[in-house]
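> Please work out how this folds:
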Amino acid sequence: MTLNDRRLFVLVEGGDDERFFESVARPMFENVYDFVQLWQYSQKTKAKVNNFLNSVRVMQANGAVDLVIVADLDESPCVTDRKERLQNSFRGLSSGIGGLSQFRSSTRILIVCREIESWYLAGLSDEECKRIGLASPVDSTNHIAKEQFLNLMPTRFTARIEFMLEILKVFDYETARTKNSSFGYFMQNYGIV
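This is a model prediction of the structure:
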């Protein structure tokens with residue numbers, strides 16, 4: 001890897017997010033970047049996350065390095081509130097709404113509405129919903145949380161991860177774009193389409 005290589009660091013909350021980004025987003029990112037690293041932050045201490053963010057900031061000053069921080073909307077009332085909470089959680093991020101003033105403009109916070117399970121489910125076409133055994137297709141996954149995802153999981157799957165892996169095998173980007181607005185935003189605004 002050289003200083004001229006375009007590098008991307010993607011901070012994801014946990015294993016389900018990493019699995020999704022590894023399968024769905026990495027291939028698209030690799031069309032744009034020479035180096036892509038996914039890094040889980042939810043189980044790390046704030047000090048460890050801040051150290052990582054500081055390292056990225058130093059790399060950004062010396063080369064073509066982009067950073068995307070992914071978080072679920074969870075119980076926040078809106079995307080702006082969730083971004084503020086995330087910025088307040090890590091001193092390595094500035095407190096401005098979209099500013100991230102300590103970082104280059106290539107640092108972005110991506111909010112998944114409502115939780116990453118909604119993005120998984122969004123990628124199922126009506127035909128795949130039927131084939132997998134969902135009782136009925138889901139038109140919009142914007143408000144799907146983990147609990148609804150689990151309630152929709154067909155009984156033939158013994159574990160949530162098994163269901164997620166099956167979805168990733170048949171994930172359809174265009175379907176996901178229409179069924180989940182935050183996934184559509186991701187596809188449109190992250191320079192990977």
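> pLDDT wise, what is the residue most central in space within the chain at?
Nearest residue to the geometric centre of the chain (CA atoms, centre = their mean): residue 70, 4.6 Å. pLDDT recorded at residue 70 is 96.
> Give me the helices and strands touching the longest strand seen in the chain, please.
If you go by DSSP state E, the chain has its longest strand at strand 65-72. Counting contacts by 3 or more CB pairs under 8 Å, 6 or more residues apart in numbering; DSSP states H and E, strand 65-72 is packed against strand 7-12, helix 46-62, helix 79-89, strand 107-112. For the C-beta atoms, the positions are set from N, CA and C on the backbone; glycine is no exception.
> Mind putting those into CSV with mean pLDDT?
Shown next, in CSV, are the helices and strands packed on strand 65-72 (pLDDT from 0 to 100):
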stretch, mean pLDDT
strand 7-12, 96
helix 46-62, 90
helix 79-89, 91
strand 107-112, 90
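> Would you tell me which one of these is buried the most?
Each of these was scored by mean neighbour count; the highest is strand 7-12, a mean of 22, by mean count of other CB atoms under 10 Å.
> Beyond that one, next helix or strand please.
Under the assignment DSSP states H and E, the closest C-terminal helix or strand after strand 7-12 is helix 15-20.
> what's that following helix in contact with?
By CB atoms under 8 Å, 6 or more residues apart in numbering, the surrounding residues in contact with helix 15-20 are 12, 38, 40, 70, 112, 116-117, 119-120, 161, 164-165, 168.
> quick one: low-confidence parts of this structure?
By pLDDT under 70, the weakly predicted segments of the chain are 1-3, 92, 94-106, 191-193.
> before we move on, what SS does residue 76 have?
Classification of residue 76 using DSSP: H, G, I helix; E, B strand; the rest coil returns coil.
> List the contacts of the nearest residue to it once chain neighbours are set aside.
Spatial nearest neighbour of residue 76, chain neighbours left out: residue 82 (3.8 Å); criterion: CB to CB, 6 or more residues apart in numbering. Residues in contact with residue 82 (CB under 8 Å, 6+ apart) are 71, 73-74, 76, 111.
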